[in-house]
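K.L.:
need coordinates for the below:
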Amino acid sequence: MLDKGGRRINVVGSDDEQRVDEQTPTEEHDASAATDETSAEEPQSIEELQAEIERLREELAEENDRHLRAVAELQNYRRRVSREHSERARYAGQDVISSILPVMDNLQRVLEHQEQAGSEEFARGVQMTVEEFFRVLSQFGVTVIDCQGQRFDPEKHEAVARVTTTEVPEGTVVAVDAPGYCLHDRCLRPARVVVAHSGDEDEAGS
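P.N.:
Okay, here's the model as predicted:
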């Protein structure tokens with residue numbers, strides 16, 4: 001189309017309107033599809049959300065319980081290892097000390113014999129040796145079991161004889177045949193003792 005001056009004029013209005021008209025159905029279709037997708041992605045209901053929260057809480061509680069059990073087991077293991085290590089260190093010399101005890105017995109027998117024989121100088125030397133033995137052993141936690149006049153204790157005493165008497169209660173230790181020893185709270189060797197017996201059972205049997 002030419003204007004009054006002879007210049008060409010492009011008329012696009014009608015085509016644009018046509019293009020707009022042609023695009024309108026597509027846009028309406030896209031909007032409808034978006035609406036359908038939005039409807040399909042609607043949020044869960046409150047009941048479903050609460051159920052999901054409860055499930056997560058239970059899982060968290062179970063996981064926390066497993067964690068606490070694992071921590072407790074680890075602590076128990078560490079305490080057990082520490083206790084076993086302390087026990088080994090505490091009683092490390094038990095076998096060696098036990099092997100020395102018969103030597104102590106022999107020295108004491110020699111001492112008793114020499115005292116009876118009247119050899120005071122030799123007896124004094126043996127006595128000093130015995131005392132030195134006791135001093136060294138005590139540094140390792142060795143103690144002599146108290147027996148004389150005590151109630152018979154099968155954990156610490158070994159009865160080698162019984163004597164009938166009414167001067168002391170039944171089951172009282174009246175003599176020590178060989179001393180017993182403990183390493184800390186563990187009995188290395190029970191004391192061999194003579195125990196009082198009232199004699200009532202013998203009379204009842206006869």
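K.L.:
now the helices for the chain?
P.N.:
Ranges of helices in the chain, per DSSP state H, are 13-40, 46-90, 94-117, 120-139, 200-205.
K.L.:
how about a markdown table for the ones you listed, with mean pLDDT and mean neighbour count added?
P.N.:
In short, each C-beta sits where N, CA and C put it, glycine included. As requested, the helices of the chain are exported to a markdown table (pLDDT from 0 to 100; neighbours: other C-beta atoms under 10 Å):
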| stretch | mean pLDDT | mean neighbour count |
| --- | --- | --- |
| helix 13-40 | 50 | 9 |
| helix 46-90 | 90 | 10 |
| helix 94-117 | 83 | 14 |
| helix 120-139 | 86 | 13 |
| helix 200-205 | 54 | 9 |
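K.L.:
now those in JSON lines, with distance to residue 167?
P.N.:
JSON lines is the format used below for the helices of the chain (distance: least, C-beta to C-beta, whole Å):
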{"stretch": "helix 13-40", "distance to residue 167": "105"}
{"stretch": "helix 46-90", "distance to residue 167": "41"}
{"stretch": "helix 94-117", "distance to residue 167": "25"}
{"stretch": "helix 120-139", "distance to residue 167": "31"}
{"stretch": "helix 200-205", "distance to residue 167": "15"}
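K.L.:
got a list of what residue 90 touches?
P.N.:
Applying C-beta atoms under 8 Å, 6 or more residues apart in numbering, we find residue 90 in contact with 141, 184.
K.L.:
gap between it and residue 69?
P.N.:
Distance, residue 90 to residue 69, using C-beta to C-beta, to the nearest Å: 31 Å.
K.L.:
hmm, back to that, the helices of the chain: which one's closest to residue 166?
P.N.:
helix 200-205 (9.6 Å; C-beta to C-beta).
K.L.:
for residue 176, list the residues it contacts.
P.N.:
147, 148, 191, 192, 193, 194.
K.L.:
next one: stretch 95-106 to chain centre, how far?
P.N.:
What separates the centre of stretch 95-106 from the centre of its chain is 34 Å, taken as C-alpha atoms, centre = their mean, to the nearest Å.
K.L.:
residues touching that stretch, excluding its own?
P.N.:
Under C-beta under 8 Å, 6+ apart, the answer for stretch 95-106 is 130, 133, 134, 137, 140, 142, 178, 179, 181, 183, 188, 189.
K.L.:
surely the fifth one is in contact with residue 183?
P.N.:
Okay, so that is residue 140. Yes: Residue 140 is within contact range of residue 183, at 7.3 Å (criterion: C-beta atoms under 8 Å).
K.L.:
those two: which is more packed in?
P.N.:
For residue 140 versus residue 183, neighbours defined as other C-beta atoms under 10 Å are more numerous around residue 183 (20 against 15).
K.L.:
rewinding a little: identify the farthest-apart pair in the contacts of stretch 95-106.
P.N.:
Using C-beta to C-beta, the contacts of stretch 95-106 span at most 20.3 Å, a distance reached by 140 and 178.
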